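Asks: A structural model of the following input is requested.
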Amino acid sequence: MKSTYIKEFTQVELNNPILVEGFPGLGLVGKIAIRYLIKRLGAKRFAYLYSPHFPYFVLVNKKGDVRLLRGTFYFWKNKDGANDLILFTGDSQSQTVEGQYEIADRMLDFAQKHHVKTIVTIGGYRMEAKEKPKVYVAATNRPLLNRTLQAGATVSSSGSPIVGTAGLILGLARFKQIEALCLLGETRGYLPDPMAARSVLEVLKATFSFDVDLTGLNEEIAKAETMMTRLQKIEERRALQAEQTRKEEDKKTTYIS
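Replies: Below you'll find the predicted structure:
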(Lines give C-alpha, C1' and ligand atoms only; values in the text may rest on other atoms or scores of the structure.)
Protein backbone atom coordinates (compact mmCIF):
# COMPACT_ATOMS: atom_id res chain seq x y z
CA MET A 1 0.00 0.00 0.00
CA LYS A 2 1.68 3.18 -1.23
CA SER A 3 -1.08 5.73 -0.74
CA THR A 4 -4.35 6.33 1.08
CA TYR A 5 -7.37 4.66 -0.47
CA ILE A 6 -11.03 4.08 0.36
CA LYS A 7 -12.69 0.69 -0.09
CA GLU A 8 -16.48 0.77 -0.46
CA PHE A 9 -18.24 -2.54 0.17
CA THR A 10 -21.87 -1.32 0.08
CA GLN A 11 -23.44 1.01 -2.47
CA VAL A 12 -25.79 3.57 -0.93
CA GLU A 13 -28.09 6.28 -2.28
CA LEU A 14 -28.25 9.21 0.13
CA ASN A 15 -30.39 12.34 0.27
CA ASN A 16 -28.31 15.54 0.44
CA PRO A 17 -25.91 14.00 2.97
CA ILE A 18 -23.78 15.85 5.53
CA LEU A 19 -20.43 14.27 6.37
CA VAL A 20 -19.42 14.46 10.05
CA GLU A 21 -15.80 13.56 10.88
CA GLY A 22 -14.32 12.78 14.30
CA PHE A 23 -10.80 11.36 14.45
CA PRO A 24 -9.16 10.71 17.86
CA GLY A 25 -7.70 13.92 19.30
CA LEU A 26 -7.81 16.08 22.43
CA GLY A 27 -10.09 14.43 24.98
CA LEU A 28 -11.21 12.02 22.23
CA VAL A 29 -14.05 14.51 21.75
CA GLY A 30 -14.53 13.76 18.06
CA LYS A 31 -14.35 10.00 18.38
CA ILE A 32 -16.73 9.88 21.37
CA ALA A 33 -19.24 12.08 19.54
CA ILE A 34 -19.18 10.01 16.33
CA ARG A 35 -19.27 6.66 18.11
CA TYR A 36 -22.28 7.82 20.10
CA LEU A 37 -24.12 8.92 16.95
CA ILE A 38 -23.35 5.62 15.25
CA LYS A 39 -24.74 3.64 18.17
CA ARG A 40 -27.74 5.85 18.91
CA LEU A 41 -28.85 6.28 15.29
CA GLY A 42 -28.07 2.72 14.25
CA ALA A 43 -25.79 3.89 11.44
CA LYS A 44 -24.41 1.24 9.09
CA ARG A 45 -20.82 1.00 7.89
CA PHE A 46 -20.23 1.08 4.15
CA ALA A 47 -16.57 1.96 3.51
CA TYR A 48 -13.07 1.76 5.01
CA LEU A 49 -10.18 4.19 4.63
CA TYR A 50 -6.67 2.70 4.73
CA SER A 51 -3.44 4.67 4.74
CA PRO A 52 0.31 3.97 5.00
CA HIS A 53 0.47 7.14 7.11
CA PHE A 54 -1.30 5.49 10.04
CA PRO A 55 0.97 4.06 12.81
CA TYR A 56 2.81 0.90 11.78
CA PHE A 57 1.10 -1.80 13.86
CA VAL A 58 -2.00 -3.98 13.67
CA LEU A 59 -4.83 -4.44 16.16
CA VAL A 60 -5.51 -7.88 17.62
CA ASN A 61 -8.97 -8.96 18.81
CA LYS A 62 -9.91 -11.50 21.50
CA LYS A 63 -9.88 -14.33 18.97
CA GLY A 64 -6.36 -13.50 17.85
CA ASP A 65 -7.39 -12.03 14.50
CA VAL A 66 -5.49 -8.97 13.29
CA ARG A 67 -6.37 -5.97 11.14
CA LEU A 68 -4.72 -2.80 9.91
CA LEU A 69 -5.57 0.55 11.44
CA ARG A 70 -8.29 2.24 9.43
CA GLY A 71 -11.01 4.83 9.28
CA THR A 72 -14.64 3.79 8.82
CA PHE A 73 -17.53 5.51 7.05
CA TYR A 74 -21.11 4.91 8.25
CA PHE A 75 -24.39 6.13 6.80
CA TRP A 76 -27.74 7.00 8.36
CA LYS A 77 -30.89 7.79 6.43
CA ASN A 78 -32.89 10.58 8.05
CA LYS A 79 -36.54 9.75 7.40
CA ASP A 80 -37.75 12.90 9.17
CA GLY A 81 -35.35 15.51 7.81
CA ALA A 82 -33.71 17.01 4.75
CA ASN A 83 -30.23 15.55 5.28
CA ASP A 84 -28.92 12.03 5.61
CA LEU A 85 -25.62 11.63 7.48
CA ILE A 86 -22.25 10.11 6.64
CA LEU A 87 -20.32 9.54 9.87
CA PHE A 88 -16.56 8.97 9.92
CA THR A 89 -14.12 8.04 12.65
CA GLY A 90 -10.93 6.02 12.86
CA ASP A 91 -8.34 4.28 14.99
CA SER A 92 -5.72 7.02 14.69
CA GLN A 93 -4.77 10.19 12.89
CA SER A 94 -1.94 10.22 10.37
CA GLN A 95 1.55 10.31 11.83
CA THR A 96 2.98 12.44 9.00
CA VAL A 97 2.27 15.90 7.61
CA GLU A 98 1.96 14.46 4.10
CA GLY A 99 -0.50 11.89 5.39
CA GLN A 100 -2.69 14.50 7.03
CA TYR A 101 -3.07 16.30 3.69
CA GLU A 102 -3.52 13.07 1.75
CA ILE A 103 -6.23 11.67 4.04
CA ALA A 104 -8.12 14.97 4.10
CA ASP A 105 -7.97 15.14 0.29
CA ARG A 106 -9.22 11.55 -0.13
CA MET A 107 -12.08 12.24 2.26
CA LEU A 108 -13.10 15.31 0.26
CA ASP A 109 -13.02 13.29 -2.98
CA PHE A 110 -15.22 10.69 -1.30
CA ALA A 111 -17.58 13.44 -0.13
CA GLN A 112 -17.86 14.81 -3.69
CA LYS A 113 -18.61 11.33 -5.02
CA HIS A 114 -21.56 11.09 -2.63
CA HIS A 115 -22.79 14.62 -3.39
CA VAL A 116 -21.91 16.01 0.03
CA LYS A 117 -22.29 19.79 0.15
CA THR A 118 -21.44 20.28 3.84
CA ILE A 119 -18.75 18.71 6.02
CA VAL A 120 -18.50 19.03 9.81
CA THR A 121 -15.28 18.20 11.66
CA ILE A 122 -15.23 17.66 15.44
CA GLY A 123 -12.35 18.01 17.87
CA GLY A 124 -11.22 19.28 21.25
CA TYR A 125 -10.23 22.78 22.35
CA ARG A 126 -7.73 22.70 25.23
CA MET A 127 -9.34 24.70 28.00
CA GLU A 128 -10.37 24.04 31.60
CA ALA A 129 -14.16 24.31 31.43
CA LYS A 130 -15.58 25.95 34.57
CA GLU A 131 -19.07 24.58 34.08
CA LYS A 132 -20.61 23.29 30.84
CA PRO A 133 -17.94 23.07 28.11
CA LYS A 134 -18.24 25.73 25.44
CA VAL A 135 -18.17 24.85 21.76
CA TYR A 136 -15.94 26.93 19.48
CA VAL A 137 -16.66 27.12 15.77
CA ALA A 138 -14.83 28.07 12.58
CA ALA A 139 -16.45 27.85 9.15
CA THR A 140 -15.75 28.44 5.48
CA ASN A 141 -18.66 30.85 4.99
CA ARG A 142 -20.67 33.35 7.01
CA PRO A 143 -24.20 31.86 6.64
CA LEU A 144 -23.00 28.47 7.94
CA LEU A 145 -21.10 30.16 10.77
CA ASN A 146 -24.17 32.18 11.78
CA ARG A 147 -26.37 29.07 11.88
CA THR A 148 -23.91 27.45 14.27
CA LEU A 149 -23.68 30.56 16.45
CA GLN A 150 -27.47 30.60 16.73
CA ALA A 151 -27.24 26.97 17.87
CA GLY A 152 -25.07 28.01 20.83
CA ALA A 153 -21.48 27.92 19.57
CA THR A 154 -18.81 30.61 20.10
CA VAL A 155 -16.47 31.98 17.43
CA SER A 156 -12.98 30.52 17.68
CA SER A 157 -10.42 33.12 18.74
CA SER A 158 -8.40 34.78 16.00
CA GLY A 159 -5.09 33.10 15.22
CA SER A 160 -5.98 29.80 16.92
CA PRO A 161 -4.70 26.92 14.77
CA ILE A 162 -6.93 23.90 14.16
CA VAL A 163 -4.46 21.04 13.97
CA GLY A 164 -4.84 17.79 12.03
CA THR A 165 -7.53 16.50 9.71
CA ALA A 166 -10.22 18.58 11.45
CA GLY A 167 -8.50 21.76 10.31
CA LEU A 168 -7.13 20.67 6.96
CA ILE A 169 -10.54 19.61 5.70
CA LEU A 170 -11.76 23.19 6.22
CA GLY A 171 -8.78 24.59 4.35
CA LEU A 172 -9.00 22.15 1.44
CA ALA A 173 -12.81 22.10 1.15
CA ARG A 174 -12.77 25.43 -0.73
CA PHE A 175 -10.98 23.74 -3.65
CA LYS A 176 -13.77 21.15 -3.88
CA GLN A 177 -16.66 23.65 -3.64
CA ILE A 178 -17.79 22.08 -0.35
CA GLU A 179 -18.73 24.19 2.67
CA ALA A 180 -17.23 23.10 5.98
CA LEU A 181 -17.26 23.93 9.65
CA CYS A 182 -15.32 22.74 12.68
CA LEU A 183 -16.81 22.29 16.16
CA LEU A 184 -14.32 22.18 19.04
CA GLY A 185 -15.46 21.28 22.56
CA GLU A 186 -13.62 22.66 25.60
CA THR A 187 -11.65 19.86 27.24
CA ARG A 188 -8.73 19.28 29.57
CA GLY A 189 -7.44 17.06 26.80
CA TYR A 190 -5.65 14.31 28.70
CA LEU A 191 -8.69 12.10 29.49
CA PRO A 192 -11.68 10.98 27.39
CA ASP A 193 -14.23 13.79 27.71
CA PRO A 194 -17.85 12.75 27.03
CA MET A 195 -19.14 16.02 28.52
CA ALA A 196 -17.34 18.03 25.81
CA ALA A 197 -18.67 15.57 23.21
CA ARG A 198 -22.21 16.15 24.43
CA SER A 199 -21.82 19.93 24.16
CA VAL A 200 -20.64 19.53 20.56
CA LEU A 201 -23.53 17.20 19.69
CA GLU A 202 -26.05 19.66 21.13
CA VAL A 203 -24.75 22.33 18.76
CA LEU A 204 -24.61 19.88 15.85
CA LYS A 205 -28.20 18.69 16.19
CA ALA A 206 -29.50 22.25 16.62
CA THR A 207 -27.57 23.48 13.57
CA PHE A 208 -28.85 20.78 11.22
CA SER A 209 -32.23 20.04 12.85
CA PHE A 210 -31.98 16.31 13.35
CA ASP A 211 -33.20 14.52 16.45
CA VAL A 212 -30.98 12.36 18.63
CA ASP A 213 -31.36 11.62 22.35
CA LEU A 214 -28.15 12.55 24.20
CA THR A 215 -29.10 11.24 27.64
CA GLY A 216 -27.17 8.06 26.88
CA LEU A 217 -23.96 10.04 27.44
CA ASN A 218 -24.84 10.71 31.09
CA GLU A 219 -23.40 7.41 32.29
CA GLU A 220 -20.13 8.03 30.45
CA ILE A 221 -19.98 11.55 31.90
CA ALA A 222 -20.50 10.22 35.43
CA LYS A 223 -17.69 7.67 34.95
CA ALA A 224 -15.36 10.38 33.60
CA GLU A 225 -16.11 12.65 36.58
CA THR A 226 -15.42 9.78 39.00
CA MET A 227 -12.09 9.12 37.30
CA MET A 228 -11.19 12.81 37.46
CA THR A 229 -12.01 12.93 41.19
CA ARG A 230 -9.77 9.92 41.82
CA LEU A 231 -6.91 11.45 39.86
CA GLN A 232 -7.24 14.72 41.79
CA LYS A 233 -7.09 12.85 45.10
CA ILE A 234 -4.01 10.93 43.94
CA GLU A 235 -2.36 14.20 42.91
CA GLU A 236 -3.22 15.79 46.26
CA ARG A 237 -1.66 12.84 48.13
CA ARG A 238 1.47 13.06 45.98
CA ALA A 239 1.76 16.79 46.64
CA LEU A 240 1.33 16.22 50.40
CA GLN A 241 3.96 13.46 50.41
CA ALA A 242 6.35 15.65 48.45
CA GLU A 243 5.88 18.48 50.96
CA GLN A 244 6.45 16.14 53.90
CA THR A 245 9.60 14.77 52.26
CA ARG A 246 10.88 18.31 51.68
CA LYS A 247 10.34 19.21 55.34
CA GLU A 248 12.18 16.07 56.49
CA GLU A 249 15.10 16.94 54.22
CA ASP A 250 15.16 20.49 55.58
CA LYS A 251 15.46 19.13 59.13
CA LYS A 252 18.45 16.98 58.14
CA THR A 253 20.25 19.84 56.42
CA THR A 254 23.12 21.35 58.37
CA TYR A 255 24.62 24.67 57.46
CA ILE A 256 28.35 25.27 57.90
CA SER A 257 29.33 28.89 58.42
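
Asks: now the helix or strand Glu202 falls within: average pLDDT?
Replies: Here Glu202, judged by DSSP states H and E, is contained in helix 194-208. Averaged over helix 194-208, pLDDT sits at 95.

Asks: can you pull the buried residues of it?
Replies: 194-205, 207-208 (16 or more other Cβ atoms under 10 Å). The way it works is simple: take the backbone N, C-alpha and C, and place the C-beta from them, glycine included.

Asks: with stretch 68-87 instead?
Replies: 69-76, 78, 83-87.

Asks: quick one: distance of stretch 1-10 to the chain centre.
Replies: Stretch 1-10 sits 22 Å away from the centroid of its parent chain (Cα atoms, centre = their mean, to the nearest Å).

Asks: so which bits of the longest helix seen in the chain are buried?
Replies: Ranked by residue count, the top helix of the chain under DSSP state H comes out as helix 218-252. Of all the residues in helix 218-252, those buried under the rule 16+ other Cβ under 10 Å are 220, 224.

Asks: other SSEs contacting it?
Replies: Applying 3 or more Cβ pairs under 8 Å, 6 or more residues apart in numbering; DSSP states H and E, one finds that helix 218-252 contacts helix 194-208.

Asks: who touches the helix it packs on?
Replies: 18, 20, 27-30, 32-33, 36-37, 81, 83, 120, 122, 124, 129, 132-135, 137, 147-148, 150-153, 183-187, 211-212, 214, 217, 220-221, 224-225 (Cβ atoms under 8 Å, 6 or more residues apart in numbering).

Asks: now intersect those with the strands, please.
Replies: Residues of the contacts of helix 194-208 located in strands (DSSP state E): 18, 20, 120, 122, 124, 135, 137, 183-187.

Asks: so can I have JSON lines of these showing distance to Tyr48?
Replies: Output for the ones in strands among the contacts of helix 194-208, formatted as JSON lines (distance: Cβ to Cβ, whole Å):
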{"residue": "Ile18", "distance to Tyr48": "20"}
{"residue": "Val20", "distance to Tyr48": "17"}
{"residue": "Val120", "distance to Tyr48": "21"}
{"residue": "Ile122", "distance to Tyr48": "20"}
{"residue": "Gly124", "distance to Tyr48": "25"}
{"residue": "Val135", "distance to Tyr48": "29"}
{"residue": "Val137", "distance to Tyr48": "29"}
{"residue": "Leu183", "distance to Tyr48": "25"}
{"residue": "Leu184", "distance to Tyr48": "26"}
{"residue": "Gly185", "distance to Tyr48": "27"}
{"residue": "Glu186", "distance to Tyr48": "32"}
{"residue": "Thr187", "distance to Tyr48": "28"}
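
Asks: show me the contacts for Asp91.
Replies: Contact analysis of Asp91 by Cβ under 8 Å, 6+ apart lists 24, 54, 59, 69-71.

Asks: poorly predicted segments of this protein, please.
Replies: 158-159, 228, 231-232, 236, 242-243, 251-257 (pLDDT under 70).
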